[in-house]
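Student: Sequence plus the predicted model coming up.
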Amino acid sequence: MFTKFEHFAATSLMGSPEEAPPRKDGHLQFERDWEKMAFGVAIALSKQGHYEWEEFRQTLMATIAEWEATHELDDPEWDYYQCWLTALEKLVIASGVIEAGELEAQLTQLLNCKAVPDIST
Amino acid sequence: MPSNYPGFGYLPDRETASAAKVKALESLLIEKGIITSNTVDTILGHFETKMGPFYGAKLVARAWVDPAFKELLVSDCNAACQAMDFPDGMSGAEGEHMRIAENTPEVHNVIVCTLCSCYPWPTLGLPPYWFKDPTFRARVTREPRVVLSEFGVELDDSVEIRIWDTSAQIRWWVLPMRPAGTEDMSEAELANLLTPEAMMGVATVKV
(Lines give C-alpha, C1' and ligand atoms only; values in the text may rest on other atoms or scores of the structure.)
Protein backbone atom coordinates (compact mmCIF):
# COMPACT_ATOMS: atom_id res chain seq x y z
CA MET A 1 0.00 0.00 0.00
CA PHE A 2 2.67 2.47 -0.99
CA THR A 3 2.43 4.97 -3.78
CA LYS A 4 6.10 5.75 -3.72
CA PHE A 5 8.70 3.07 -4.33
CA GLU A 6 11.11 4.88 -1.99
CA HIS A 7 8.67 4.56 0.89
CA PHE A 8 7.99 0.93 0.19
CA ALA A 9 11.70 0.14 -0.04
CA ALA A 10 12.64 1.92 3.17
CA THR A 11 9.68 0.60 5.16
CA SER A 12 10.30 -2.98 4.16
CA LEU A 13 13.68 -2.74 5.88
CA MET A 14 12.21 -1.61 9.17
CA GLY A 15 11.47 -5.09 10.47
CA SER A 16 14.38 -5.41 12.85
CA PRO A 17 17.11 -3.26 14.35
CA GLU A 18 19.76 -5.19 12.41
CA GLU A 19 18.12 -4.85 9.03
CA ALA A 20 17.02 -1.23 9.22
CA PRO A 21 19.25 1.61 8.11
CA PRO A 22 20.54 3.91 10.86
CA ARG A 23 18.29 6.89 11.40
CA LYS A 24 17.77 9.68 13.83
CA ASP A 25 14.61 11.64 14.53
CA GLY A 26 12.84 10.22 11.52
CA HIS A 27 15.67 10.91 9.11
CA LEU A 28 18.07 8.54 7.48
CA GLN A 29 21.40 9.01 9.12
CA PHE A 30 24.41 8.92 6.84
CA GLU A 31 27.87 9.36 8.21
CA ARG A 32 29.83 9.18 4.99
CA ASP A 33 29.08 10.33 1.47
CA TRP A 34 29.55 6.88 0.01
CA GLU A 35 26.77 5.55 2.23
CA LYS A 36 24.32 7.92 0.59
CA MET A 37 25.44 6.85 -2.86
CA ALA A 38 25.23 3.13 -2.00
CA PHE A 39 21.77 3.64 -0.50
CA GLY A 40 20.49 5.60 -3.49
CA VAL A 41 21.97 3.28 -6.11
CA ALA A 42 20.44 0.20 -4.47
CA ILE A 43 16.99 1.79 -4.53
CA ALA A 44 17.40 3.22 -8.03
CA LEU A 45 18.38 -0.12 -9.59
CA SER A 46 15.44 -1.92 -8.02
CA LYS A 47 13.08 0.90 -8.96
CA GLN A 48 14.21 0.43 -12.55
CA GLY A 49 13.50 -3.28 -12.34
CA HIS A 50 17.04 -4.68 -12.37
CA TYR A 51 16.12 -6.75 -9.33
CA GLU A 52 13.24 -7.08 -6.93
CA TRP A 53 13.56 -5.07 -3.74
CA GLU A 54 12.91 -8.27 -1.81
CA GLU A 55 16.02 -9.75 -3.43
CA PHE A 56 18.07 -6.86 -2.16
CA ARG A 57 16.54 -7.22 1.28
CA GLN A 58 17.29 -10.93 1.41
CA THR A 59 20.85 -10.38 0.19
CA LEU A 60 21.37 -7.69 2.81
CA MET A 61 20.01 -9.89 5.57
CA ALA A 62 22.17 -12.81 4.44
CA THR A 63 25.22 -10.54 4.38
CA ILE A 64 24.46 -9.31 7.89
CA ALA A 65 23.94 -12.89 9.05
CA GLU A 66 27.33 -13.86 7.59
CA TRP A 67 28.97 -11.03 9.47
CA GLU A 68 27.27 -12.01 12.71
CA ALA A 69 28.27 -15.63 12.26
CA THR A 70 31.93 -14.74 11.97
CA HIS A 71 32.22 -11.87 14.45
CA GLU A 72 31.47 -11.10 18.04
CA LEU A 73 28.18 -9.25 18.43
CA ASP A 74 29.91 -6.26 19.96
CA ASP A 75 32.68 -6.16 17.37
CA PRO A 76 33.48 -2.45 16.90
CA GLU A 77 34.18 -3.10 13.24
CA TRP A 78 30.46 -3.64 12.67
CA ASP A 79 29.28 -1.33 9.97
CA TYR A 80 25.78 -1.37 8.53
CA TYR A 81 26.64 0.31 5.26
CA GLN A 82 29.64 -1.95 4.75
CA CYS A 83 27.14 -4.82 4.68
CA TRP A 84 24.84 -2.77 2.47
CA LEU A 85 27.66 -2.21 -0.01
CA THR A 86 28.64 -5.87 -0.01
CA ALA A 87 25.01 -6.84 -0.66
CA LEU A 88 24.72 -4.29 -3.45
CA GLU A 89 27.92 -5.52 -5.05
CA LYS A 90 26.74 -9.14 -4.95
CA LEU A 91 23.39 -8.25 -6.45
CA VAL A 92 24.52 -5.96 -9.28
CA ILE A 93 26.75 -8.80 -10.44
CA ALA A 94 24.22 -11.60 -9.82
CA SER A 95 21.51 -9.71 -11.67
CA GLY A 96 23.81 -9.01 -14.58
CA VAL A 97 23.68 -5.22 -14.30
CA ILE A 98 27.46 -5.27 -14.50
CA GLU A 99 30.12 -7.94 -14.89
CA ALA A 100 32.37 -8.70 -11.95
CA GLY A 101 35.41 -7.93 -14.09
CA GLU A 102 34.01 -4.58 -15.13
CA LEU A 103 33.73 -3.37 -11.56
CA GLU A 104 37.23 -4.54 -10.73
CA ALA A 105 38.65 -2.86 -13.80
CA GLN A 106 36.86 0.38 -13.01
CA LEU A 107 38.08 0.21 -9.43
CA THR A 108 41.65 -0.41 -10.46
CA GLN A 109 41.47 2.47 -12.86
CA LEU A 110 40.05 4.69 -10.15
CA LEU A 111 42.58 3.69 -7.52
CA ASN A 112 45.39 4.29 -9.97
CA CYS A 113 44.04 7.77 -10.54
CA LYS A 114 43.64 7.14 -14.24
CA ALA A 115 41.15 9.05 -16.26
CA VAL A 116 37.68 8.44 -14.94
CA PRO A 117 34.78 10.39 -16.41
CA ASP A 118 33.92 13.33 -14.21
CA ILE A 119 30.75 12.40 -12.39
CA SER A 120 30.70 15.27 -9.96
CA THR A 121 28.49 17.46 -12.10
CA MET B 1 38.65 -15.53 11.94
CA PRO B 2 39.25 -14.54 8.33
CA SER B 3 36.11 -13.96 6.34
CA ASN B 4 35.33 -15.28 2.90
CA TYR B 5 34.18 -11.87 1.82
CA PRO B 6 36.83 -9.35 0.94
CA GLY B 7 34.48 -6.54 1.94
CA PHE B 8 34.65 -7.79 5.51
CA GLY B 9 38.41 -7.80 5.82
CA TYR B 10 39.96 -5.61 8.44
CA LEU B 11 41.59 -3.36 5.95
CA PRO B 12 43.26 -0.37 7.51
CA ASP B 13 42.04 1.62 4.53
CA ARG B 14 38.58 0.11 4.48
CA GLU B 15 37.03 3.54 4.27
CA THR B 16 39.05 4.49 1.22
CA ALA B 17 38.32 1.14 -0.37
CA SER B 18 34.58 1.44 0.23
CA ALA B 19 34.42 5.00 -1.04
CA ALA B 20 36.38 3.98 -4.14
CA LYS B 21 34.19 0.96 -4.75
CA VAL B 22 31.01 2.99 -4.58
CA LYS B 23 32.50 5.59 -6.88
CA ALA B 24 33.56 2.87 -9.33
CA LEU B 25 30.08 1.39 -9.27
CA GLU B 26 28.44 4.76 -9.75
CA SER B 27 30.68 5.79 -12.64
CA LEU B 28 30.19 2.42 -14.32
CA LEU B 29 26.41 2.70 -14.05
CA ILE B 30 26.53 6.22 -15.45
CA GLU B 31 28.76 5.11 -18.34
CA LYS B 32 26.28 2.36 -19.14
CA GLY B 33 23.45 4.86 -19.08
CA ILE B 34 21.66 2.97 -16.29
CA ILE B 35 21.62 5.94 -13.93
CA THR B 36 22.44 9.59 -14.38
CA SER B 37 24.42 11.80 -12.08
CA ASN B 38 21.12 13.08 -10.67
CA THR B 39 19.45 9.76 -9.94
CA VAL B 40 20.75 9.29 -6.43
CA ASP B 41 20.29 12.94 -5.47
CA THR B 42 16.67 12.70 -6.55
CA ILE B 43 16.08 9.64 -4.38
CA LEU B 44 17.84 11.10 -1.36
CA GLY B 45 16.09 14.41 -1.90
CA HIS B 46 12.81 12.60 -1.72
CA PHE B 47 13.65 11.36 1.76
CA GLU B 48 15.03 14.68 2.87
CA THR B 49 12.44 17.11 1.60
CA LYS B 50 9.21 15.27 0.88
CA MET B 51 8.84 13.81 4.31
CA GLY B 52 10.19 14.38 7.73
CA PRO B 53 9.34 15.00 11.35
CA PHE B 54 9.95 18.72 10.86
CA TYR B 55 6.65 18.98 8.98
CA GLY B 56 4.78 17.38 11.84
CA ALA B 57 6.62 19.62 14.30
CA LYS B 58 5.69 22.76 12.36
CA LEU B 59 2.03 21.77 12.26
CA VAL B 60 1.92 21.08 15.98
CA ALA B 61 3.78 24.28 16.89
CA ARG B 62 1.38 26.33 14.75
CA ALA B 63 -1.57 24.60 16.42
CA TRP B 64 -0.16 25.46 19.86
CA VAL B 65 -0.02 29.18 19.08
CA ASP B 66 -3.09 29.49 16.86
CA PRO B 67 -6.38 28.05 18.20
CA ALA B 68 -8.13 28.37 14.83
CA PHE B 69 -5.34 26.44 13.16
CA LYS B 70 -5.53 23.78 15.84
CA GLU B 71 -9.21 23.36 15.14
CA LEU B 72 -8.42 22.91 11.46
CA LEU B 73 -5.61 20.45 12.17
CA VAL B 74 -7.84 18.30 14.35
CA SER B 75 -10.85 18.44 12.04
CA ASP B 76 -9.03 18.22 8.70
CA CYS B 77 -5.35 17.37 8.90
CA ASN B 78 -4.82 17.49 5.16
CA ALA B 79 -6.39 20.94 4.86
CA ALA B 80 -4.07 22.10 7.64
CA CYS B 81 -1.11 20.71 5.69
CA GLN B 82 -2.25 22.58 2.62
CA ALA B 83 -2.53 25.78 4.61
CA MET B 84 1.16 25.56 5.45
CA ASP B 85 3.92 26.50 3.08
CA PHE B 86 4.97 22.91 2.40
CA PRO B 87 6.27 21.46 -0.86
CA ASP B 88 3.69 20.23 -3.35
CA GLY B 89 2.53 16.70 -2.83
CA MET B 90 3.32 16.75 0.85
CA SER B 91 -0.25 16.09 1.87
CA GLY B 92 -0.96 13.73 -0.99
CA ALA B 93 0.37 10.27 -1.70
CA GLU B 94 1.30 8.51 1.53
CA GLY B 95 -0.29 11.17 3.69
CA GLU B 96 -3.52 11.15 1.74
CA HIS B 97 -5.76 10.57 4.71
CA MET B 98 -4.01 11.78 7.80
CA ARG B 99 -5.81 12.36 11.05
CA ILE B 100 -4.44 13.73 14.28
CA ALA B 101 -5.56 12.72 17.76
CA GLU B 102 -5.31 15.48 20.35
CA ASN B 103 -3.81 14.80 23.76
CA THR B 104 -5.56 16.48 26.68
CA PRO B 105 -5.14 16.26 30.45
CA GLU B 106 -7.82 13.55 30.37
CA VAL B 107 -6.86 11.59 27.25
CA HIS B 108 -3.50 10.34 26.00
CA ASN B 109 -3.28 9.00 22.46
CA VAL B 110 -0.87 6.46 21.01
CA ILE B 111 -0.59 5.27 17.44
CA VAL B 112 0.15 1.73 16.38
CA CYS B 113 -0.25 -0.22 13.19
CA THR B 114 -1.50 -3.62 14.24
CA LEU B 115 -1.40 -4.99 10.72
CA CYS B 116 1.96 -3.91 9.42
CA SER B 117 3.74 -0.63 9.75
CA CYS B 118 1.56 2.05 8.24
CA TYR B 119 2.97 5.32 9.36
CA PRO B 120 2.31 8.99 8.67
CA TRP B 121 5.47 9.47 6.64
CA PRO B 122 5.00 13.03 5.47
CA THR B 123 4.71 14.42 8.97
CA LEU B 124 6.86 12.05 11.02
CA GLY B 125 9.53 10.74 8.65
CA LEU B 126 10.87 7.21 8.89
CA PRO B 127 9.44 5.05 11.64
CA PRO B 128 11.66 3.79 14.45
CA TYR B 129 12.41 0.08 14.14
CA TRP B 130 10.26 -0.97 17.09
CA PHE B 131 7.15 0.42 15.40
CA LYS B 132 7.09 -2.70 13.26
CA ASP B 133 8.05 -5.01 16.08
CA PRO B 134 5.27 -7.60 16.67
CA THR B 135 5.82 -7.49 20.42
CA PHE B 136 5.37 -3.73 20.59
CA ARG B 137 2.29 -3.91 18.40
CA ALA B 138 0.70 -6.63 20.50
CA ARG B 139 1.66 -5.23 23.90
CA VAL B 140 0.72 -1.62 23.29
CA THR B 141 -2.86 -2.66 22.62
CA ARG B 142 -2.97 -5.12 25.53
CA GLU B 143 -1.11 -3.22 28.23
CA PRO B 144 -0.58 0.33 26.99
CA ARG B 145 0.07 1.81 30.43
CA VAL B 146 2.94 -0.58 31.06
CA VAL B 147 4.43 -0.05 27.61
CA LEU B 148 4.19 3.73 27.96
CA SER B 149 5.85 3.54 31.33
CA GLU B 150 8.73 1.64 29.69
CA PHE B 151 9.02 4.52 27.24
CA GLY B 152 9.22 6.90 30.20
CA VAL B 153 5.67 8.20 29.97
CA GLU B 154 4.09 7.93 33.40
CA LEU B 155 0.38 8.68 33.27
CA ASP B 156 -1.96 9.23 36.13
CA ASP B 157 -4.48 6.41 36.50
CA SER B 158 -7.24 8.88 35.73
CA VAL B 159 -5.88 9.51 32.24
CA GLU B 160 -7.62 7.49 29.57
CA ILE B 161 -5.32 5.93 26.97
CA ARG B 162 -6.64 5.67 23.44
CA ILE B 163 -4.86 3.52 20.89
CA TRP B 164 -5.26 4.51 17.27
CA ASP B 165 -4.70 1.89 14.65
CA THR B 166 -2.96 3.74 11.87
CA SER B 167 -3.68 2.04 8.58
CA ALA B 168 -3.37 2.46 4.87
CA GLN B 169 -6.75 4.17 4.91
CA ILE B 170 -6.20 6.54 7.82
CA ARG B 171 -2.78 7.44 9.06
CA TRP B 172 -3.11 8.65 12.61
CA TRP B 173 -0.62 10.71 14.51
CA VAL B 174 -0.74 12.58 17.79
CA LEU B 175 -1.06 16.23 18.77
CA PRO B 176 0.89 16.39 22.03
CA MET B 177 0.09 18.79 24.84
CA ARG B 178 2.06 22.01 24.95
CA PRO B 179 4.34 21.79 27.98
CA ALA B 180 4.15 24.31 30.79
CA GLY B 181 6.78 27.02 30.82
CA THR B 182 6.74 27.59 27.06
CA GLU B 183 4.50 30.65 27.08
CA ASP B 184 7.25 32.96 25.86
CA MET B 185 8.54 30.67 23.14
CA SER B 186 8.19 31.46 19.45
CA GLU B 187 6.55 29.06 17.04
CA ALA B 188 9.97 28.03 15.72
CA GLU B 189 11.27 27.40 19.23
CA LEU B 190 8.22 25.30 20.01
CA ALA B 191 8.72 23.26 16.84
CA ASN B 192 12.23 22.43 18.02
CA LEU B 193 10.83 20.76 21.14
CA LEU B 194 8.90 18.17 19.17
CA THR B 195 10.14 14.67 18.44
CA PRO B 196 8.61 11.93 16.28
CA GLU B 197 8.08 9.90 19.47
CA ALA B 198 6.01 12.70 21.01
CA MET B 199 3.88 12.78 17.86
CA MET B 200 3.40 9.02 18.12
CA GLY B 201 2.29 9.29 21.72
CA VAL B 202 5.18 7.36 23.24
CA ALA B 203 6.86 10.43 24.69
CA THR B 204 5.83 13.71 26.20
CA VAL B 205 7.24 17.05 25.07
CA LYS B 206 10.05 18.22 27.29
CA VAL B 207 11.39 21.75 27.60
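Tutor: Okay, I see it.
Student: in which helix or strand would I find residue B:199?
Tutor: Assigned by DSSP states H and E, residue B:199 belongs to no helix or strand.
Student: from the chain's centre, how far out does the top helix by length along chain B sit?
Tutor: If you go by DSSP state H, chain B has its longest helix at helix B:14-31. Put simply, helix B:14-31 sits 31 Å off its chain's centre (Cα atoms, centre = their mean, to the nearest Å).
Student: I'd like the average pLDDT over the helix or strand that contains residue B:43.
Tutor: Using DSSP H and E, residue B:43 sits within helix B:39-49. Helix B:39-49 shows a mean pLDDT of 84.
Student: Same question for that helix: list its buried residues.
Tutor: Under the neighbour-count criterion of 16 or more other Cβ atoms under 10 Å in any protein chain shown, helix B:39-49 has B:39, B:40, B:43, B:44, B:46, B:47 buried. Heads up, the C-betas are built off the backbone N, CA and C, glycines and all.
Student: need these in TSV with distance to chain A, can you?
Tutor: Converted to TSV, these look like this (distance: Cβ to the nearest Cβ, whole Å):
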residue	distance to chain A
B:39	5
B:40	3
B:43	4
B:44	5
B:46	5
B:47	6
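Student: ok, back up a step: can you give me the angle the helix holding residue B:43 makes with helix B:14-31?
Tutor: Angle, helix B:39-49 to helix B:14-31, by axes from the mean of the first three to the mean of the last three Cα atoms, to 10 degrees: 110 degrees.
Student: Just name whatever secondary elements helix B:39-49 is in contact with.
Tutor: When contacts are defined as 3 or more Cβ pairs under 8 Å, 6 or more residues apart in numbering or on different chains; DSSP states H and E, helix B:39-49 packs onto helix A:5-12, strand A:27-28, helix A:33-47.
Student: Secondary structure element for the spatially most central residue of chain A, which one?
Tutor: In chain A, the centroid-proximal residue (Cα atoms, centre = their mean) is residue A:84; its distance is 3.5 Å. Using DSSP H and E, residue A:84 maps to helix A:80-94.
Student: hang on, the earlier thing: could you tell me which residues within the longest helix of chain B count as buried?
Tutor: The neighbour-count criterion (16+ other Cβ under 10 Å) identifies B:17-29 as the buried residues of helix B:14-31.
Student: just for chain A, where's the confidence low?
Tutor: Applying pLDDT under 70 to chain A flags residues A:1-3, A:11, A:14-17, A:25-26, A:113-121.
Student: Kindly reformat the buried residues of helix B:39-49 as CSV and extend each row with distance to residue B:156.
Tutor: Shown next, in CSV, are these (distance: Cβ to Cβ, whole Å):
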residue, distance to residue B:156
B:39, 52
B:40, 49
B:43, 46
B:44, 44
B:46, 42
B:47, 39
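Student: quick one on the thing from earlier: near chain A at all, the longest helix of chain B?
Tutor: Yes: using Cβ under 8 Å from any Cβ of the partner chain, helix B:14-31 reaches chain A at B:14-15, B:18-31.
Student: hang on, the earlier thing: output the contacting helices and strands for the next helix-or-strand element following the helix holding residue B:43.
Tutor: Scanning forward in sequence from helix B:39-49 by DSSP H and E, the next helix or strand is helix B:53-65. Where contact means 3+ Cβ pairs under 8 Å, 6+ apart, helix B:53-65 is packed against helix B:67-75, helix B:77-83, helix B:121-124, strand B:171-175, helix B:187-193.
Student: Mind listing residues that contact helix B:53-65?
Tutor: By Cβ atoms under 8 Å, 6 or more residues apart in numbering or on different chains, the surrounding residues in contact with helix B:53-65 are A:25-27, B:69-70, B:73-74, B:80-81, B:84, B:86, B:90, B:100, B:120, B:122-125, B:173, B:175-176, B:178, B:182, B:187-188, B:190-192, B:194-196, B:199.
Student: Neighbours of the closest residue to chain A within chain B, how many?
Tutor: Residue nearest to chain A within chain B (Cβ to the nearest Cβ): residue B:125, separated by 2.4 Å. Here the number of neighbours of residue B:125 (other Cβ atoms under 10 Å in any protein chain shown) works out to 25.
Student: which residue packs closest to residue B:166, ignoring adjacent ones?
Tutor: Leaving aside its chain neighbours, residue B:166 sits nearest to residue B:172 (4.3 Å; criterion: Cβ to Cβ, 6 or more residues apart in numbering or on different chains).
Student: on that earlier part again, which one of the helices and strands packed on helix B:53-65 has the most crowded surroundings?
Tutor: Counting by mean count of other Cβ atoms under 10 Å in any protein chain shown, helix B:121-124 has the highest mean neighbour count of those, with a mean of 28.
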